[in-house]
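Participant: sequence first, then the predicted structure, then my questions.
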Amino acid sequence: MSDITEIGHFVGGRTVAGTSGNTSPVYNPATGQQTGAVALASVEELDAAVAVANAAFQEWRSSSVAKRTEAMFNLRNLVKQNASELAAKITAEHGKVHSDAMGEVARGLENIEFACNIGEMLKGSHSNQVSTGVDVTTIRRPLGVVAGITPFNFPAMVPLWMIPNALGCGNAFILKPSEKDPTSAMFLAELIHEAGFPDGVFNLVNGDKTAVDAILRHPDIKAVSFVGSTPIAQYIHRTASEHGKRVQALGGAKNHMLVLPDADIGLAADAAVSAAFGSAGERCMAISVVVAVGDAADPLVDAIAERTRALTIGDGMDPASEMGPLVTREARDRVESYIAAGADAGATVVLDGRDTGFDGDGYFLGCTLLDDVTPDMTVYQDEVFGPLLGVVRVPTFDDAIKLLEDNPYGNGTAIFTRDGGAARQFTEEAPVGMVGVNVPIPVPVAYHSFGGWKDSIFSDTAMYGPEGVRFYTKPQALTTRWPDPASSSVDLGFPTN
């Protein structure tokens, strides 16, 4: 066990060891070897971190916007300077290839840059002379201690969807990252400290359901942000709401990509491959279903298969690799079970990822392409979260829209076509929160906001951007009246004419 790194918590501006006695193993998914043991916090440890955060909030809430902005600019520069090291930590524990990890850091960096302009975002509103001598001003106030519970698939980016806006608005923050790949979040904690944020304003508590439940029930935590599966998002939303908290809870997805007969088939196939198999399909915005409309089907399936066969799968640290392993052995086995279920249900197995051989004990799985998938199959209905792409064939555009309407998820979708009218109709009719036209993964830039519809979200605000600022603040309306100096009996020293 001498090579096993002990991973604790980050509280009050420093790394602290866990005291619960409970740990969870951390693995390198490319080798299957354990590399770390992460502490799992007790309720008492979470309570102690909240107390530290609450004390720090009392001073931070009164800090100037200029001070917060300076720290945010420092953080932006530090993340940019350390991007490659941060990406390497992501790859070492998640498995995604280095280029994917660098892309994750870049998208997280966008959110820090957005929060560097927090002074503009926090500007309130003012109405002068609403009545004689009466003005009304609305100010946005911070909430207090807020928390984020984040998933394994984007261990740096998703925390950065939350942290910059929360801190920029004057809150203190508690992060509970995934126990599967905690090191990149711990590195972010060190950078936040180095950037000049006061001790205790940002804290990180590693843990499992014990820590999560303590967060959801703690009376001094005013808001919770979550990204993960739909069943857990429902649980987070219900439990935190019952305890009087604001909640952002983003759930699962089953993202469809429609390809019309007039589309550029090569462009669509390239997009499908990158969107389905990038990061081993472990993305909430991954394309998991291609809807081939009419005559697009045969040439599209052939083109996707040709490109998929050419992918290089290997250790994410190898520059030649285009796809890495899945995050855990259990995740790989789960995807394999869906491949078998799809084949048994009658889908045509064009490419079977189980047939790809790999040396060593890593959690690798080849890419799978299933044609002739139908909506009654579990491989269509469930969020597989792995390198498995299903093709559903439909005769018409209206049939494709019907698939989207009937699906319980509404996270992301895309259409590939040269027809502007069809694209416009699609954007009007698709019951989905994020829509792409000839863009397979329509993740909004940081100055918009991220959020799906239907069972992909359980909250009334989307994540990051302007919606994030609204979530992490509460409006206060001030109505003021001052006496006319000319009518005052007290000599105010003002000229009265």
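Facilitator: Nice, I can see it. Residues are numbered from 1 along each chain as shown.

Participant: please parse this structure into its domains.
Facilitator: 5-251+457-478, 255-437 (automatic domain parsing).

Participant: columns distance to Gly451 on top of those, output as JSON lines?
Facilitator: For glycine as for every other residue, the C-beta is placed from the backbone atoms N, C-alpha and C. Compiled in JSON lines, the domains of the chain are given as follows (distance: least, Cβ to Cβ, whole Å):
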{"stretch": "domain 5-251+457-478", "distance to Gly451": "3"}
{"stretch": "domain 255-437", "distance to Gly451": "5"}
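
Participant: so which of those comes closest to Ser449?
Facilitator: domain 5-251+457-478 (3.8 Å; Cβ to Cβ).

Participant: still on that earlier bit, format the domains of the chain as a markdown table; extra columns: mean pLDDT, mean neighbour count and distance to Ala446.
Facilitator: As requested, the domains of the chain are exported to a markdown table (pLDDT from 0 to 100; neighbours: other Cβ atoms under 10 Å; distance: least, Cβ to Cβ, whole Å):
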| stretch | mean pLDDT | mean neighbour count | distance to Ala446 |
| --- | --- | --- | --- |
| domain 5-251+457-478 | 97 | 20 | 4 |
| domain 255-437 | 97 | 20 | 14 |
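
Participant: closest to Val445 out of the ones you listed?
Facilitator: Going by Cβ to Cβ, the one of the domains of the chain nearest Val445 is domain 5-251+457-478, 6.2 Å.

Participant: how far does that closest one sit from the chain's center?
Facilitator: 11 Å (Cα atoms, centre = their mean, to the nearest Å).

Participant: start to end distance for that domain?
Facilitator: 53 Å (Cα to Cα, to the nearest Å).

Participant: pretty sure Val291 sits in a strand.
Facilitator: Yes: applying DSSP: H, G, I helix; E, B strand; the rest coil, one finds Val291 inside a strand.

Participant: returning to that earlier point: of all the domains of the chain, which one is nearest Pro485?
Facilitator: Of these, nearest to Pro485 by Cβ to Cβ is domain 5-251+457-478, at 10.9 Å.

Participant: tell me the bridge partners for Thr348.
Facilitator: Beta-bridge partners recorded for Thr348 (DSSP bridges): Asp371.

Participant: does it really touch Leu369, like I thought?
Facilitator: No: contact criterion Cβ atoms under 8 Å: Thr348 and Leu369 do not qualify, at 9.2 Å.

Participant: remind me which helix or strand the residue nearest the centre of the chain belongs to.
Facilitator: Residue closest to the average C-alpha location in the chain (Cα atoms, centre = their mean): Val158, at 3.7 Å. Secondary structure assignment for Val158, by DSSP states H and E: helix 157-168.

Participant: what sits up against that helix?
Facilitator: For helix 157-168, the external contacting residues (Cβ atoms under 8 Å, 6 or more residues apart in numbering) are 60, 68-69, 71-72, 75, 104-105, 107-109, 111-112, 114-115, 118, 121-122, 146, 148, 150-151, 173, 175, 177, 185, 188, 192, 197, 201-202, 225, 227, 450, 463-464, 468-469, 471-472.

Participant: that older thread, quick check: the residue nearest to the centre of the chain vs Leu143, distance?
Facilitator: 20 Å (Cβ to Cβ, to the nearest Å).

Participant: Ala340 too?
Facilitator: Distance from Ala340 to Leu143, by Cβ to Cβ: 47 Å.

Participant: how about Asn111?
Facilitator: In terms of Cβ to Cβ, Asn111 sits 18 Å off from Leu143.

Participant: Ile232 too?
Facilitator: Taken as Cβ to Cβ, the span from Ile232 to Leu143 is 23 Å.

Participant: what's the answer for Ser125, then?
Facilitator: 19 Å.

Participant: do Val373 as well
Facilitator: Val373 is 44 Å from Leu143, by Cβ to Cβ.

Participant: got it, and Ala71?
Facilitator: For Ala71 relative to Leu143 (Cβ to Cβ), the value is 19 Å.

Participant: quick one: which helix or strand includes Leu258?
Facilitator: Going by DSSP H and E, Leu258 is part of strand 255-259.

Participant: what about Gln58, distance to Val16?
Facilitator: 21 Å.

Participant: can you check Val291 too?
Facilitator: 50 Å.

Participant: in the stretch 251-400 of the chain, which spans are helices?
Facilitator: Applying DSSP state H, counting those that start in this stretch to the stretch 251-400 of the chain gives helices spanning 265-277, 297-309, 329-344, 378-381, 397-406.

Participant: redo these as CSV? Include distance to Ala166.
Facilitator: Converted to CSV, the helices of the stretch 251-400 of the chain look like this (distance: least, Cβ to Cβ, whole Å):
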stretch, distance to Ala166
helix 265-277, 30
helix 297-309, 40
helix 329-344, 30
helix 378-381, 35
helix 397-406, 33
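
Participant: which one, of those, ends up nearest to Pro319?
Facilitator: With Cβ to Cβ as the yardstick, what comes closest out of those is helix 265-277 (17.3 Å).

Participant: isn't Thr16 right up against His9?
Facilitator: You called it Thr, but residue 16 is Val. Yes: counting by Cβ under 8 Å, Val16 touches His9, with 5.2 Å between them.

Participant: CA atoms only for stretch 336-346 - export them in PDB, please.
Facilitator: Presented in PDB, the C-alpha positions along stretch 336-346 are these (Å, rounded to 0.1, in the frame of the first residue of the first chain):
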ATOM      1  CA  GLU A 336     -21.500  -4.600 -22.000                       C
ATOM      2  CA  SER A 337     -24.800  -5.700 -20.500                       C
ATOM      3  CA  TYR A 338     -26.600  -3.100 -22.700                       C
ATOM      4  CA  ILE A 339     -24.800  -4.400 -25.800                       C
ATOM      5  CA  ALA A 340     -26.100  -7.900 -25.100                       C
ATOM      6  CA  ALA A 341     -29.600  -6.700 -24.300                       C
ATOM      7  CA  GLY A 342     -29.700  -4.700 -27.500                       C
ATOM      8  CA  ALA A 343     -28.600  -7.600 -29.600                       C
ATOM      9  CA  ASP A 344     -31.000 -10.000 -27.900                       C
ATOM     10  CA  ALA A 345     -33.900  -7.500 -28.500                       C
ATOM     11  CA  GLY A 346     -33.300  -7.500 -32.300                       C
END
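
Participant: tell me the contacts of the nearest residue to Ala53 once chain neighbours are set aside?
Facilitator: Setting aside the residues directly before and after it, Ala53 is nearest to Ala172 in space (Cβ to Cβ, 6 or more residues apart in numbering), at 4.0 Å. Contacts for Ala172 (Cβ under 8 Å, 6+ apart) come out as Ala53, Asn54, Ala56, Phe57, Trp60, Gly144, Val145, Val146, Gly200, Val201, Phe202, Asn203.

Participant: equivalent analysis for Asp135, please.
Facilitator: Counted by Cβ under 8 Å, 6+ apart, Asp135 has contacts His126, Ser127, Asn128, Gln129, Thr479, Thr480, Arg481.

Participant: 6 Å - rerun?
Facilitator: Asn128, Thr480 (Cβ atoms under 6 Å, 6 or more residues apart in numbering).

Participant: thank you kindly, that will do.
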